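Colleague: sequence and predicted structure, then a few things I'm wondering about:
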Amino acid sequence: MTPRLGDNNPSITYTKYETPSAFRKAGAFLPRDLIKKEVYEYRLSPYMGCSKRCRYCFELHNEFIHEDEVKIKTNTVSVLKSNIPSLDKTKAILLDGYDCEAAEQRERLIRSALEVIVEYGIPLLIQTKSDLVLRDLDLLEELNDSGVFVNVSFSLTSLNQDHARIFEPYTCSPFDRLEAMKKISDAGVQTGIILMPVLPFISDADEELDLLFSRAAENGCKYVVPEPLRVTSSGKQRDMCFGVLRKYFPALVKRYEELYPARRFGPKFGSGPRDTAYLSGLLKRIDEVSRRYGLPTVFPGIPKPRPEKRKPVSRRQCTLDRFV
Ligand code: SF4
């Protein structure tokens, strides 16, 4: 049965373990613009794996977890506390894990980690597909109001709900993400969209891009960073992508095989479309729509920190019933 958008994924098994280190390197599914610009130094992920199981994700290639497993790093906060005093406070932490909603609502590791980050005043980036981030808006506001850089990027593929149901059935609706973005932006925190992945001939039509950019602009978005779909040349991610295509878009299978040729070996996190004419046409069209709505297609970067400006602010608890 096709799940309702935002349903918890019932096939996930949660296991617990103690991580030896708080931070890890860049993950598979980050836009190249963020990686190239080195906008963050530390990546903090209280969970290994992801419960959403989006149909284009590389998590299936994570050799440290079983197919339907998410590992909860139970000691995340204590390891963070012991590491954080020695961090370079001019560099940002990228925090992810809201997408493991069921676990986070129970464990509250992200909230506890945020309390530590706020206490030490470290610049913060968040990337998510979940509106659970609203639960912690009080902490994001507190850090932001104290003069420390805070940024929340929502990952979106398309505003087409049918496509969302097919490709990312366990995420909240794209419109819920826009609404969450608006609330965070209204609180003064910088927000934007990681338009990833753009699905060739599925989510890349002019009307669809126009709708997405126009809604983004109305909802406090400050940038839209696009990244076309990457597919591995063999293995589970490829099988999953092509399985979805065969089921829902059979007429596109041949074209995708040309764009993403099968090979025995290839990059672990796949390659983009092998068609320079398609790619340059897509980027040109995205560039046009981004100009129309005044939304840059690159991550704005982190302003130089001014720690001397940091001022203490009073804390108030956010009480959003649906997240407690
Ligand atoms: S939200 Fe989707 S794309 Fe992002 S890590 Fe989870 S499964 Fe992968």
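Modeller: In hand now; what should we look at?

Colleague: residues from this protein in reach of the ligand?
Modeller: 29, 50, 52-54, 57, 59, 99, 129, 168 (CB under 6 Å from any ligand atom). All C-beta atoms are positioned from the backbone trio N, CA, C, and that covers glycine.

Colleague: min pLDDT across those, which one?
Modeller: Of all the residues of the chain next to the ligand, Phe29 carries the smallest pLDDT score, 52.

Colleague: chain neighbours aside, what residue packs nearest to Leu60?
Modeller: Nearest residue to Leu60, sequence neighbours excluded (CB to CB, 6 or more residues apart in numbering): Lys236, at 4.0 Å.

Colleague: and for the one you found, the neighbour number?
Modeller: 13 (other CB atoms under 10 Å).

Colleague: in this structure it contacts Asn62, no?
Modeller: No - the criterion here is CB atoms under 8 Å, and Lys236 misses it with Asn62 at 10.2 Å.

Colleague: Lys129 contacts Ala164, doesn't it?
Modeller: No - with contact defined as CB under 8 Å, Lys129 does not count as touching Ala164 (9.9 Å).

Colleague: give me the contact list for stretch 62-82.
Modeller: By CB atoms under 8 Å, 6 or more residues apart in numbering, the list of residues contacting stretch 62-82 from outside reads 11-22, 44-51, 53, 59-60, 100, 103, 107, 109, 112-113, 116-117.

Colleague: measure whichever residue of the stretch 101-250 of the chain sits closest to the ligand to Pro200 for me?
Modeller: Here the residue of the stretch 101-250 of the chain nearest the ligand is Lys129; by CB to the nearest ligand atom that distance is 4.4 Å. Distance of Lys129 to Pro200, given as CB to CB, to the nearest Å: 21 Å.

Colleague: who's more crowded, these two?
Modeller: More crowded of Lys129 and Pro200, by other CB under 10 Å: Lys129, with 25 against 20.

Colleague: how about the strands of the stretch 1-150 of the chain, start to end?
Modeller: 13-17, 23-24, 42-44, 47-48, 69-73, 93-95, 124-128, 150-156 (DSSP state E, counting those that start in this stretch).

Colleague: any idea of the mean pLDDT in the third one?
Modeller: Right, the one you point to is strand 42-44. Computed over strand 42-44, the average pLDDT equals 89.

Colleague: mind listing residues that contact that strand?
Modeller: So strand 42-44 is in contact with 22-27, 76, 80, 87, 91-96, 113, going by CB under 8 Å, 6+ apart.

Colleague: what strands line up against that strand, and which way round?
Modeller: With DSSP bridges as the test, strand 42-44 is paired with strand 23-24 (antiparallel), strand 93-95 (parallel).

Colleague: what bridges to the closest residue to Tyr260 other than its chain neighbours?
Modeller: Once flanking residues are discounted, Tyr260 sits nearest to Val231: 4.0 Å by CB to CB, 6+ apart. For Val231, the residues forming beta bridges with it (DSSP bridges) are Ser271.

Colleague: what's the burial count for Val231?
Modeller: 25.

Colleague: isn't it right up against Gln237?
Modeller: Yes - assessed by CB under 8 Å, Val231 is found in contact with Gln237 at 6.8 Å.

Colleague: what touches both of these two?
Modeller: By CB under 8 Å, 6+ apart, the residues touching both Val231 and Gln237 are 56, 270.

Colleague: quick one, what contacts Tyr260?
Modeller: Contacts of Tyr260 by CB under 8 Å, 6+ apart are 231, 233, 238, 241, 270-271, 273-274.

Colleague: give me the pLDDT for it.
Modeller: On the pLDDT scale, Tyr260 gets 97.

Colleague: from Arg230, how far off is it?
Modeller: 8 Å.

Colleague: joint contacts of the two?
Modeller: Common neighbours of Tyr260 and Arg230 (CB under 8 Å, 6+ apart) are 270-271.

Colleague: for this protein, which spans come out with low pLDDT?
Modeller: 1-6, 25-39, 304-324 (pLDDT under 70).

Colleague: got the buried residues for the helix ranked longest in it?
Modeller: Counting residues, the longest helix in the chain under DSSP state H turns out to be helix 276-293. Buried residues in helix 276-293, defined by neighbour count with 16 or more other CB atoms under 10 Å: 278, 282, 286, 289-290, 293.

Colleague: check stretch 288-308 too.
Modeller: In stretch 288-308, counting by 16+ other CB under 10 Å, buried: 289-290, 293, 295, 297, 299, 302, 305.

Colleague: now swap in stretch 198-211 and tell me
Modeller: For stretch 198-211, a neighbour-count test (16+ other CB under 10 Å) marks 198-200, 202-204, 208-209 as buried.

Colleague: which one of these is nearest Tyr248?
Modeller: Nearest to Tyr248 among the buried residues of stretch 198-211 is Ile202, at 9.0 Å by CB to CB.

Colleague: identify the residues contacting the closest one.
Modeller: 158, 163, 249, 252.

Colleague: just the ones of those in strands?
Modeller: Using DSSP state E, no member of the contacts of Ile202 sits in strands.

Colleague: could those be laid out in TSV, adding neighbour count and distance to Pro174?
Modeller: Output for the contacts of Ile202, formatted as TSV (neighbours: other CB atoms under 10 Å; distance: CB to CB, whole Å):
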residue	neighbour count	distance to Pro174
Ser158	24	7
His163	18	9
Phe249	16	19
Leu252	16	21
